[in-house]
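[1] For reference, the sequence and a predicted model appear below.
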Amino acid sequence: MATQILDCTLRDGGYVNNWEFKNGEIIDIVDSLIDCGVEVIECGFISHTKGKLMDSSLYKNIGIINALLKLTKDSSNRPSFACLINHGECDINAIPDCATGAKVITDIRLAFHKEDIDSAYNDCVLLIKKGYNVYAQPMVSLRYSDKELIALIERFNQINIHAIYIVDSFGSMSNSDFQRLYFLFSNNVSDKIKIGYHAHNNLQLAFSNAIIFAGFSQNNEILIDSSVYGMGRGAGNLNTELLTSFLNKSYSRNYKIAPLLEIIEKYLMSIHRESYWGFSPAHYLSAVNYCHPNYATYLINKKQFTIMEISDLLDSILPENKSNFDRQVIDNIIINYNLSKADDEEFKFPDFRPQKILVVASGNSVINEENRIQEFIKNNNPVVISMNHLPKTLEVDHVFFSNQLRFNQYSEEIDISKIIVTSNIVKKYLHKLPFTIDYDKLINRNNITSDNVTMLFINKLVNEGYTELFIAGLDGYSVDNENYSYQENYKNDDKNVLESLNNDISKSLSILEKRIKISLITTSIFK
């Protein structure tokens, strides 16, 4: 039986750029995939709760996609057009019956978790009645026991499902894992139903598993998911250009590679430069810990932890919490982890009175508005305390660290008498530092749960009875601007993450400003 390719660039790739493809780009990418000859083009997500009306591959309804597909080129290749629905994000009753014609959505993939099998099954039944080719996507297939998978397969065999998938949601499948699941599916899935494979590339095994899949003697037709340039969150996906080239050479297929390279050159290279996807040690760790990749991404974006600390944190997630990302779960783990590292020592904080206090955060305004900061220092003679970094252009009296990564980076350059640390910082080779603050009291007092270093330091000043401070460099995070006054190796361009960071700081400031007067002397979104 033939191997078919389902390209999911516009859908899974959308995790990288928040599905912000303009309508014209969507049409052009679909046209190129038609020219390539892939059998199924997945045009994006349908979400009644999150979908957009235009310039996005996260659509409010199927009608929006069908209207765009009418503008794509005519072709004798005649691929199928698909979309994916995450269980719970659409009212299946509101999905219209499958339209007739050459350029419309005919295939719907329904992704669901293990605990939602019953309702997902009912949704599939309803979508089939509406005339769609329906694909069952049991997320995190490795979560199922063999017995559970056989029961699931037997159930879907009864309703003429179009395809059922082996889904490697976390990129955790070794070759032996994949082969075991393939033989289980092959021996139990009805011959009339296609078997699919959806891979993530955390262990760099997506391509090798696909090669194994294509090489097996097939009773069922098979579908292999891929995306152009491997575009996808975290470690990315199987590359469509690699898969098509392999099938051309090994099985005499006739996919056209040039249209895929044009997609890369016109659209994806620029996105990749701004929002990297691909192998990283942290995403490798999420795979070997069998947990949702957003946990690793979240920890990376915190810019607080070494790779070994990220490993410890991922290992601390309970099995029942690993499949779905839960920020509250990981935030609690971070707090408990930092508390567990706290030294059993005397806490001491310097007394800055009667001088004014200038806190220097890490925003790029520290460089862009240096003259304003220097003028403030000249006129007010404050105590200058920088947060988690050593400014290149300013003389500071102290540096406050709550971040192990930054402490490791800068501490050797700073006179030991100037260093102030929270109790979770591991000092290693340094002698006992003169100033250490109890991390527990900073994170839990005054209802401040943000672990932003500036918020922690302001909280300490409030606890010590200070009534006024001045801040430079608390710019706020933005996709469009440089967010740091120093070289940052990992640039975060996830708008949702940056918005969440800004919201955390804004909420903390609103609480703290009731206790202490805060003046921002440089440009900031928090003014």
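    Right, received. Where do you want to start?

[2] what packs against the longest helix along the chain?
    The helix that spans the most residues within the chain, counting by DSSP state H, is helix 495-512. Using 3 or more Cβ pairs under 8 Å, 6 or more residues apart in numbering; DSSP states H and E as the contact test, the elements touching helix 495-512 are helix 293-302, helix 453-463. (Glycine included, C-beta is placed from N, CA and C.)

[3] Among these, show the one with the smallest mean pLDDT.
    Lowest mean pLDDT of those: helix 293-302, a mean of 84.

[4] Give the next helix or strand downstream of that helix.
    helix 307-315 (DSSP states H and E).

[5] neighbouring contacts of that next one?
    281-282, 285-286, 289, 291, 295-296, 299-300, 305, 330, 333-334, 337, 404 (Cβ atoms under 8 Å, 6 or more residues apart in numbering).

[6] Over to stretch 334-352?
    By Cβ under 8 Å, 6+ apart, the residues outside stretch 334-352 that reach it are 302, 309, 312-313, 316, 383, 398, 420, 422-427, 432, 434-440, 443, 449, 451, 460, 464, 466.

[7] Just give me the neighbour total for the nearest residue to Val104 once chain neighbours are set aside.
    What sits nearest to Val104 in space, not counting adjacent residues and going by Cβ to Cβ, 6 or more residues apart in numbering, is Asn66, at 4.8 Å. Around Asn66 sit 19 other residues, with neighbours defined as other Cβ atoms under 10 Å.

[8] Then the one 3 residues further on?
    Applying other Cβ under 10 Å, we find 20 other residues in the vicinity of Leu69.

[9] in the helix or strand bottoming out on mean pLDDT in the chain, what's buried?
    Within the chain, no helix or strand scores below helix 439-444, which has a mean of 76 by mean pLDDT, DSSP states H and E. If you call a residue buried by 16 or more other Cβ atoms under 10 Å, then helix 439-444 has these buried ones: 439, 442-443.

[10] tell me what that helix is packed against?
    helix 327-340, helix 453-463.

[11] Show me how the record splits the protein into domains.
    3-274, 281-340, 357-520 (automatic domain parsing).

[12] Output these as TSV; include the columns distance to Lys348.
    Listed next are the domains of the chain as TSV, based on distance: least, Cβ to Cβ, whole Å:
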stretch	distance to Lys348
domain 3-274	42
domain 281-340	19
domain 357-520	6
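
[13] Residue most distant from the centroid, this structure?
    Farthest-out residue of the chain from its mean C-alpha position, per Cα atoms, centre = their mean: Pro354, at 45.9 Å.

[14] in what helix or strand does Leu110 lie?
    Using DSSP H and E, Leu110 falls within strand 105-112.

[15] Next secondary structure element downstream of that strand?
    Assigned by DSSP H and E, the successor of strand 105-112 is helix 117-129.

[16] From the contact counts, what lies against that next one?
    strand 105-112, strand 133-138, helix 146-157.

[17] how far is the shortest one from where the chain is centred?
    Averaged C-alpha coordinates place strand 133-138 at 24 Å from its chain's average position (Cα atoms, centre = their mean, to the nearest Å).

[18] Rounded mean pLDDT for that strand, please.
    98.

[19] What of the last one?
    Averaged across helix 146-157, the pLDDT comes to 97.

[20] Extract the C-alpha trace of it and format it as PDB.
    Provided in PDB are the C-alpha atoms of helix 146-157 (Å, rounded to 0.1, in the frame of the first residue of the first chain):
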ATOM      1  CA  ASP A 146      -1.300  -2.100  25.000                       C
ATOM      2  CA  LYS A 147      -4.700  -3.300  26.300                       C
ATOM      3  CA  GLU A 148      -6.000   0.300  26.300                       C
ATOM      4  CA  LEU A 149      -4.800   0.900  22.800                       C
ATOM      5  CA  ILE A 150      -6.400  -2.300  21.500                       C
ATOM      6  CA  ALA A 151      -9.700  -1.400  23.100                       C
ATOM      7  CA  LEU A 152      -9.500   2.100  21.500                       C
ATOM      8  CA  ILE A 153      -8.700   0.700  18.100                       C
ATOM      9  CA  GLU A 154     -11.500  -1.800  18.200                       C
ATOM     10  CA  ARG A 155     -13.900   0.900  19.200                       C
ATOM     11  CA  PHE A 156     -12.900   3.100  16.300                       C
ATOM     12  CA  ASN A 157     -12.800   0.200  13.800                       C
END
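
[21] Throw the helices and strands packed on helix 117-129 into a markdown table and include distance to Trp19 and mean neighbour count, thanks.
    Converted to a markdown table, the helices and strands packed on helix 117-129 look like this (distance: least, Cβ to Cβ, whole Å; neighbours: other Cβ atoms under 10 Å):
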| stretch | distance to Trp19 | mean neighbour count |
| --- | --- | --- |
| strand 105-112 | 15 | 23 |
| strand 133-138 | 18 | 25 |
| helix 146-157 | 28 | 15 |
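
[22] Would you mark the buried spots in stretch 265-274?
    Residues of stretch 265-274 classed as buried: 267-268, 271-272 (neighbour count, 16+ other Cβ under 10 Å).

[23] likewise stretch 502-514?
    504-505, 508-509, 511-512.

[24] residues making contact with it?
    With Cβ under 8 Å, 6+ apart, stretch 502-514 has contacts from 446-448, 450, 452, 454-455, 458-459, 462, 474, 476-477, 518, 525-526.

[25] Among these, which one sits closest to Asn77?
    Tyr477 (44.1 Å; Cβ to Cβ).

[26] before we move on, what SS does the closest one have?
    coil (DSSP: H, G, I helix; E, B strand; the rest coil).

[27] count of residues packed around it?
    That count, for Tyr477 with other Cβ under 10 Å as the rule, works out to 19.

[28] Verify the contact between it and Asn496 for me.
    No. Tyr477 lies out of contact with Asn496 (Cβ atoms under 8 Å); the separation is 11.3 Å.

[29] what residues does the least confident helix or strand of the chain touch?
    Applying Cβ under 8 Å, 6+ apart, the set of residues contacting helix 439-444 is 335, 338-339, 342, 402, 422-424, 448-449, 451, 456, 459-460, 463.

[30] Report the spatially nearest residue to Leu243, omitting neighbours in sequence.
    Closest to Leu243 by Cβ to Cβ, 6+ apart is Ser226, at 4.8 Å.

[31] for the record, mean pLDDT for the helix or strand hosting the one you found?
    Following DSSP H and E, the helix or strand that holds Ser226 is strand 222-226. Here strand 222-226 scores 97 as its mean pLDDT.

[32] and if you look at stretch 107-114?
    Per-region confidence: stretch 107-114 scores 96 on mean pLDDT.

[33] Which residues does it contact?
    By Cβ under 8 Å, 6+ apart, the list of residues contacting stretch 107-114 reads 40, 42, 46, 80-87, 95, 119-120, 123-124, 127, 132-140, 143-144, 148, 162, 165, 167, 323-324.

[34] angle of the one helix or strand Tyr197 maps to against strand 105-112?
    Using DSSP H and E, Tyr197 sits within strand 194-198. Relative orientation of strand 194-198 and strand 105-112, computed by axes from the mean of the first three to the mean of the last three Cα atoms, to 10 degrees: 60 degrees.

[35] outside of strand 194-198, which residues touch it?
    By Cβ under 8 Å, 6+ apart, strand 194-198 touches 4, 6, 8, 135, 137, 162-169, 178, 182, 185-186, 189, 209-210, 213, 220-225.

[36] Please give me every residue in contact with His292.
    Counting by Cβ under 8 Å, 6+ apart, the residues that His292 touches are 169-170, 286, 322-325.

[37] Give me the neighbour count for Gln374.
    13.

[38] dump the residue contacts of the closest residue to it other than its chain neighbours.
    Using Cβ to Cβ, 6+ apart and skipping residues adjacent in sequence, the residue nearest Gln374 is Leu394, 7.6 Å away. Leu394 makes contact with 360, 366, 370, 373-374, 377, 384, 386 under the criterion Cβ under 8 Å, 6+ apart.

[39] hang on, the earlier thing: and the longest helix of the chain, what's its mean pLDDT?
    Averaged across helix 495-512, pLDDT comes to 85.

[40] Next, the angle from that helix to helix 453-463.
    Using the same axes, to 10 degrees, helix 495-512 lies at 10 degrees relative to helix 453-463.
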